[in-house]
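Enquirer: give the three-dimensional model of this entry:
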Amino acid sequence: MKSRYIVTLAALCSCWSLAAHADRDTGWEFGGELIYQTSQDISGDNGSTAALDDAGQRLGRLFLTQLILNATFGVVIGLGLAIIGVPSSPLWGLLAMILRFVPYIGAILAAGLPIALAAAVGSDWTMTLWTVALFAVVEPLTGHVVEPLELVDLALGDRKSGLILVLLEIKSAA
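Expert: This next block holds a predicted model:
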């Protein structure tokens with residue numbers, strides 16, 4: 001039974017590792033050759049093709065960065081729930097990773113089932129409170145500190161700008 005959880009956690013870590021080591025500079029193609037051929041046939045110039053290729057590369061880097069951030073979030077949640085003792089913690093980590101792609105409510109939805117399960121299987125409220133605390137710390141830290149740093153670094157190539165934005169965000173939240 002425990003080996004199944006270890007295999008699931010290892011698979012989740014493997015997915016994270018593959019995503020983390022993908023080549024960020026090339027991005028994904030998004031059908032660039034088809035767009036190139038179409039634009040050559042219609043207009044004869046490749047200005048629109050260059051713009052679409054650039055947009056495709058930037059979107060590819062954005063999606064890859066978002067995947068890495070969400071996979072890291074899922075691994076941290078899965079490991080935290082395993083330490084707390086919540087059953088099926090790799091499953092909840094994987095669900096947290098997937099649901100974090102849903103804007104605004106994804107992490108809240110991901111927290112609901114593990115919290116309910118912790119309340120059901122725990123002998124007292126300790127496991128439930130630790131589960132709530134895990135999500136209450138990891139989600140804001142990821143969403144308000146790590147994500148702005150990584151996405152601004154991706155967009156501008158400047159980590160200092162991301163740090164300034166994080167500090168401004170923390171100040172406005174207070």
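Enquirer: only C-alpha atoms for contact and neighbour calcs from this point on.
Expert: OK.
Enquirer: pretty sure G74 is touching G93, no?
Expert: Yes. Assessed by C-alpha atoms under 8 Å, G74 is found in contact with G93 at 4.3 Å.
Enquirer: grab the nearest non-local neighbour of E139.
Expert: Of all residues not flanking E139 in the chain, A107 sits nearest, at 7.0 Å (C-alpha to C-alpha, 6 or more residues apart in numbering).
Enquirer: work out for me the element the one you found sits within.
Expert: For A107, the host element (DSSP states H and E) is helix 106-121.
Enquirer: can you check E150 too?
Expert: With DSSP H and E as criterion, E150 is part of helix 147-156.
Enquirer: residue ranges with poor pLDDT in the protein?
Expert: 1-49, 152, 154-174 (pLDDT under 70).
Enquirer: mind listing what's buried in the lengthiest helix in it?
Expert: Counting by DSSP state H, the longest helix found in the chain is helix 47-84. Neighbour-count burial for helix 47-84, with 16 or more other C-alpha atoms under 10 Å as criterion, is recorded at 49, 52-53, 56-58, 60-62, 64-82, 84.
Enquirer: need the contact partners of the helix or strand following that helix.
Expert: Scanning forward in sequence from helix 47-84 by DSSP H and E, the next helix or strand is helix 89-99. The contact list for helix 89-99, computed with C-alpha atoms under 8 Å, 6 or more residues apart in numbering, reads 5, 8-9, 12, 70-79, 81-82, 106-107, 109-111, 114.
Enquirer: go ahead and confirm L134 touches V76.
Expert: No. Applying C-alpha under 8 Å as the test, L134 and V76 come out as separate, 9.4 Å apart.
Enquirer: how long is stretch 117-131 end to end?
Expert: Taking C-alpha to C-alpha, to the nearest Å as the measure, stretch 117-131 stretches 10 Å from start to finish.
Enquirer: give me the buried stretch members for it, please.
Expert: For stretch 117-131, using 16+ other C-alpha under 10 Å, the buried residues are L117, A118, A119, M127, T128, W130, T131.
Enquirer: return the member of those nearest to L149.
Expert: T131 (26.1 Å; C-alpha to C-alpha).
Enquirer: list the contacts for the closest one?
Expert: L81, I84, P114, I115, A118.
Enquirer: how near is the third one to A107?
Expert: According to C-alpha to C-alpha, P114 and A107 sit 11 Å apart.
Enquirer: having no further points to raise, I will conclude here.
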